[in-house]
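# model this:
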Amino acid sequence: MRASTRSASAGRARTRRARTRTGAWVPRGREARASQGRDAPKRGRQLAYSELEPRSLDEFTRRRKARKLIAVLAHFLGRDVEGAPALAGLRVLDIGCSAGFICDELAAAGAEVTGVDIDSAGLRRARARFARRARFIQADGLALPLADGSVDVVVLNHIYEHVVDADMLFAEVRRVLAEDGVAYLGLGNRLGIMEPHHGLPLLSWLPPGLADRYLRVAGRGEHYYERYRARPGLRRMLARAGLRAWDYTVPVLLAPEAFHAEADLPPGGPARGFLRAVTAPGRLPAPARARLVRAVLSLAPTYLWIATPGSRGPAGHPLPGGPQPVT
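Numbers count the residues shown, from 1 in each chain. Coordinates of the predicted model:
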């Protein structure tokens, strides 16, 4: 990757400032501690997440997710052309890269890839297999050792709920993005019915203390670590970082085969039945199907957004439901 690196201490010094060069607010001192909540001491950095969560080492699933996010990026960038490398010539940063499977797929799509993680065990696996295809750096996403504006694409896939200061994370994403850069955001929703890490309904809806008790009663652990936000909170967090976003959640649900997302649909139950009813071509006009899906979007388990610092919009072919600005 051509992006120049800086020392981790220099990165931390920059993120402690009250505002970045873009004017995005970054908490510091007392405000930063307050933003982490009263349970902050429980939420130290997850330094060995790949050892805590075996699913992060599921190569088949990670590569499938990579193909989906590459397809979304290709559409937004207007590079959704059959046979052409979707990310050729682009400098791509994968934050929370773990064992490097997504980085390898990004490199196969033509990108110049850097993976960043604090998980030393995951990075050892990544370097052992993919060092010739990508560069891997052990660093905190809250203090990225990269120069301002040095990245064309940031991939942030289900990461924000794991960090101790999500606002600072997004300020760093904005800082390293080029002015015409884009960020792929896979964002878990606090109001999703089934919590994905522990498989307990409504767990993420609860305040920390009650969530901890729920986990203990269910025999799933002692403390609930993840901290999700609902759609309005996610929107405000991006706005504070100086980013605007386009929502690809509905287009991906309505055309899952075009985005390698068939396996991401609910496996069964009412949610699967609803999606099958409204996404099947021919049953309803495309605008009606899109309206039905958007009506329940506040309960979606995950949002798929493309964020950008400027006024850039989707450049790909028309899609059912179309990407919509996040407002």
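# now the helices: where do they sit in the stretch 101-250 of the chain?
Remark: helices of the stretch 101-250 of the chain, listed N- to C-terminal, are 101-108, 120-130, 166-176, 208-218, 231-241, 249-254; assignment by DSSP state H, counting those that start in this stretch.
# elements contacting the third one?
With contacts defined as 3 or more C-beta pairs under 8 Å, 6 or more residues apart in numbering; DSSP states H and E, helix 166-176 has these neighbours: helix 8-15, strand 91-95, strand 151-157, helix 231-241. Bear in mind the C-beta positions are built from the backbone N, C-alpha and C, glycine included.
# Now do it: distance to the chain's middle.
Computed by C-alpha atoms, centre = their mean, to the nearest Å, the separation of helix 166-176 from the middle of its chain amounts to 12 Å.
# tell me the mean pLDDT over that helix?
Taken as a whole, helix 166-176 has a mean pLDDT of 98.
# now it and strand 91-95, what's the angle there?
Angle, helix 166-176 to strand 91-95, by axes from the mean of the first three to the mean of the last three C-alpha atoms, to 10 degrees: 170 degrees.
# What sits closest to residue 172 if chain neighbours are left out?
Residue nearest to residue 172 in three dimensions, not counting chain neighbours: residue 144, with 5.0 Å by C-beta to C-beta, 6 or more residues apart in numbering.
# The helix ranked longest in the chain to strand 151-157, inter-axis angle?
The single longest helix within the chain, with elements called by DSSP state H, is helix 59-77. Between the direction of helix 59-77 and that of strand 151-157, the angle (the same axes, to 10 degrees) works out to 130 degrees.
# Any regions of the stretch 51-200 of the chain where pLDDT drops low?
Residues of the stretch 51-200 of the chain that meet the criterion pLDDT under 70 lie in 51.
# do the same with the stretch 201-327 of the chain
Counting by pLDDT under 70, the low-confidence segments of the stretch 201-327 of the chain come to 265-283.
# do that again at 80, thanks
Along the stretch 201-327 of the chain, segments meeting pLDDT under 80 span 262-287, 289, 327.
# Just the CA coordinates for the longest strand along the chain, please, in PDB.
For the chain, the strand reaching the highest residue count under DSSP state E is reported as strand 177-188. Backbone C-alpha positions of strand 177-188 (Å, rounded to 0.1, in the frame of the first residue of the first chain) are rendered in PDB as follows:
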ATOM      1  CA  LEU A 177     -10.200   8.500   3.800                       C
ATOM      2  CA  ALA A 178      -9.400  10.400   0.700                       C
ATOM      3  CA  GLU A 179     -11.800  13.200  -0.100                       C
ATOM      4  CA  ASP A 180     -13.400  11.100  -2.800                       C
ATOM      5  CA  GLY A 181     -13.000   7.900  -0.800                       C
ATOM      6  CA  VAL A 182     -15.700   5.500   0.400                       C
ATOM      7  CA  ALA A 183     -16.300   3.200   3.400                       C
ATOM      8  CA  TYR A 184     -18.200   0.000   3.400                       C
ATOM      9  CA  LEU A 185     -20.100  -0.300   6.700                       C
ATOM     10  CA  GLY A 186     -21.700  -3.500   8.000                       C
ATOM     11  CA  LEU A 187     -23.500  -2.200  11.000                       C
ATOM     12  CA  GLY A 188     -25.300  -4.300  13.600                       C
END
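# roughly how far is it from the heart of the chain?
Worked out by C-alpha atoms, centre = their mean, strand 177-188 lies 9 Å from the chain centre.
# got it, and stretch 182-195?
7 Å.
# And for stretch 195-206?
The chain centre lies 18 Å from the centre of stretch 195-206; the measure is C-alpha atoms, centre = their mean.
# ok so, going back, nearest to residue 180, out of the helices and strands packed on helix 166-176?
Of all those, the one in closest proximity to residue 180, counting by C-beta to C-beta, is strand 151-157 (8.0 Å).
# which helices and strands sit right next to that closest one?
Packed on strand 151-157, when contacts are counted by 3+ C-beta pairs under 8 Å, 6+ apart, are helix 59-77, strand 91-95, helix 101-108, helix 166-176, strand 177-188.
# That'll do, ta.
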